[in-house]
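**Q** this one's structure only:
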């Protein structure tokens, strides 16, 4: 069970309330987001597009702009090399659309996950050179492609890197005092646009690859030189927002501005491919939220990169034929449906291995699933991370050796730890919370041992903390409260939905819903007699098992009867408005729960 922590940050809440004309409750929630002074709070509440940072602060942006525009003006073909995930596909589309809208000649190459692996490689460079193209732009990759870029330069090619991943480095000991310093290792490209460079003056480094691509397009003056500039800007902002959500970027600073506007632009998109995908997933005409992109639309894009070719996803958005778009969108949805069943099967296999081999005791869980499709490793690692709240690597067997993906917890910087373990790896890259890697099969056990022998995590790091904004009586939950909370949207990584808690609530009615019987719906009553509907998604089996262990197999029937047994529960929740048959009612969605003592009349 996660540790419940009520946040108690101090501030002049009366001043904040008066300044921004909000409730004291909302003022406290905003302060809990580590926003202290009035200017920070104003920036958080006011989200005009004018507050997006200028691309001119990115490193090498002037050089990249000139190199690309020179090729466009000379009508020299440019090859874009992207990546096979959501961010890579969106970044590729943004660059392709931006450059072609200026009359540039562009071709696209998205690596095949199985054949090529992640990012740029020498074969892709050779393939580009042999068809007479002398310029490559990477997007969402390239910062660690030392050898492929060196090879391209040996052929006399021009290479522009646009990326957002961590810059490779080596640690060096200074002679005086033995201080350990880092030296960045940059590839020999002609321009490297990456906000994570140590010499970057860009105000916020946490943007995704597609947003970097958008900044490059903006810096090129694309929106100053086309007749439909505003429509194009909205379309590309929508795609950048799609990628920001899909790549699980922190929704603070300009990411929050982007997503807030970008979701609306996605709803109103003129891109017929995106329209077709919205139709295929039954989201057309609905108000889009982060959840829809992260858990419905995004997986359809990722599925094609996992089980087919991400070039198919790119073609959906670049396509101008409505019938073809509908066909592609339908195929992407079907691929994702297939991916779901494969993921479930392999997650169960991973759990079995962890239990049989005792890996649950490890600080860093490394699971080798030989027969698993390599594209599913990241999803499975994420699910295991949620289950154990530990860093997890899931490895799979391929023709070239072993490949895998990792998902981490806040206290463990996955990329930096892989740098320390690079002697076991043939290739790796990533972020704080996620990474990809390759190794020889005979290194798997040594890699597992090294990570577990050398991590610095303490027991408290493995305790997931549920941060609660306020203890809130259920009588305070009104439609007006829920509507006021919407001011804080969009919710996601780094700007999570506000969480509230209450204890000593009696369950007076319970039912099991959903096609798979995996949703608990119950009515809760407080000591003053106030009632509210509470919904628990996806944990029905665990909830019922706990309930039966405490109260016996007749627990549900006892709750729904008029007998004297009382089942009490304490809950962590967020409120929402449920609309059914044009009737709006408030309800709470449970994030965490715990049964309390049994009370008998």
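**A** Arrived safely. What you see is a predicted model; the values in this text were computed from it and never measured. Numbers count the residues shown, from 1 in each chain.

**Q** Spatially central residue in this protein, please.
**A** By Cα atoms, centre = their mean, the chain has its centre lying nearest to residue 248, at 1.7 Å.

**Q** Just say helix, strand or coil for that residue.
**A** Three-state secondary structure (criterion: DSSP: H, G, I helix; E, B strand; the rest coil) places residue 248 in coil.

**Q** Find the nearest non-adjacent residue to it, please.
**A** Closest residue to residue 248 apart from its sequence neighbours, by Cβ to Cβ, 6 or more residues apart in numbering: residue 493 at 5.2 Å. Every C-beta, even on glycine, is put in place using the N, C-alpha and C of the backbone.

**Q** my read: the residue nearest to the centre of the chain touches residue 433, true?
**A** Yes. The criterion here is Cβ atoms under 8 Å, and residue 248 meets it with residue 433 at 7.5 Å.

**Q** Remind me what the longest helix along the chain packs against, helices and strands.
**A** Secondary structure of the chain per DSSP state H: the longest helix is helix 322-357. Applying 3 or more Cβ pairs under 8 Å, 6 or more residues apart in numbering; DSSP states H and E, one finds that helix 322-357 contacts helix 272-280, helix 298-307, helix 310-318, strand 365-369, helix 377-388.

**Q** Relative to residue 421, which of the ones you listed is closest?
**A** Evaluated with Cβ to Cβ, the helices and strands packed on helix 322-357 place strand 365-369 nearest to residue 421, the distance being 10.8 Å.

**Q** one step back: would you format the helices and strands packed on helix 322-357 as CSV with mean neighbour count, mean pLDDT and distance to residue 102 included?
**A** As requested, these are exported to CSV (neighbours: other Cβ atoms under 10 Å; pLDDT from 0 to 100; distance: least, Cβ to Cβ, whole Å):
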stretch, mean neighbour count, mean pLDDT, distance to residue 102
helix 272-280, 22, 97, 21
helix 298-307, 24, 77, 26
helix 310-318, 23, 92, 16
strand 365-369, 23, 97, 46
helix 377-388, 21, 92, 35
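
**Q** For residue 149, which of the ones you listed is the nearest?
**A** Evaluated over the helices and strands packed on helix 322-357, closeness to residue 149 peaks at helix 310-318, with 21.4 Å, by Cβ to Cβ.

**Q** Over to residue 429. Which of the three states is it?
**A** Three-state call for residue 429 (three-state DSSP): strand.

**Q** Give the phi and psi angles for the residue lying closest to it once chain neighbours are set aside, as a check.
**A** Leaving aside its sequence neighbours, residue 429 sits nearest to residue 144 (Cβ to Cβ, 6+ apart; 5.1 Å). Here is the backbone geometry of residue 144 (degrees, to the nearest 10): phi -110, psi 10.

**Q** Break the chain down into its structural domains.
**A** When the chain is parsed with automatic domain parsing, its domains come out as 55-251, 358-462, 468-600.

**Q** ok, back up a step: mind checking how far the residue nearest to residue 248 is from residue 572?
**A** Between residue 493 and residue 572 the computed distance is 18 Å (Cβ to Cβ, to the nearest Å).

**Q** ok, now residue 290?
**A** Taken as Cβ to Cβ, the span from residue 290 to residue 572 is 20 Å.

**Q** One more: residue 136?
**A** Using Cβ to Cβ, residue 136 is found at 49 Å from residue 572.

**Q** Those two: who's more crowded?
**A** The residue with more neighbours, out of residue 136 and residue 572, is residue 136; 26 against 19, by other Cβ atoms under 10 Å.
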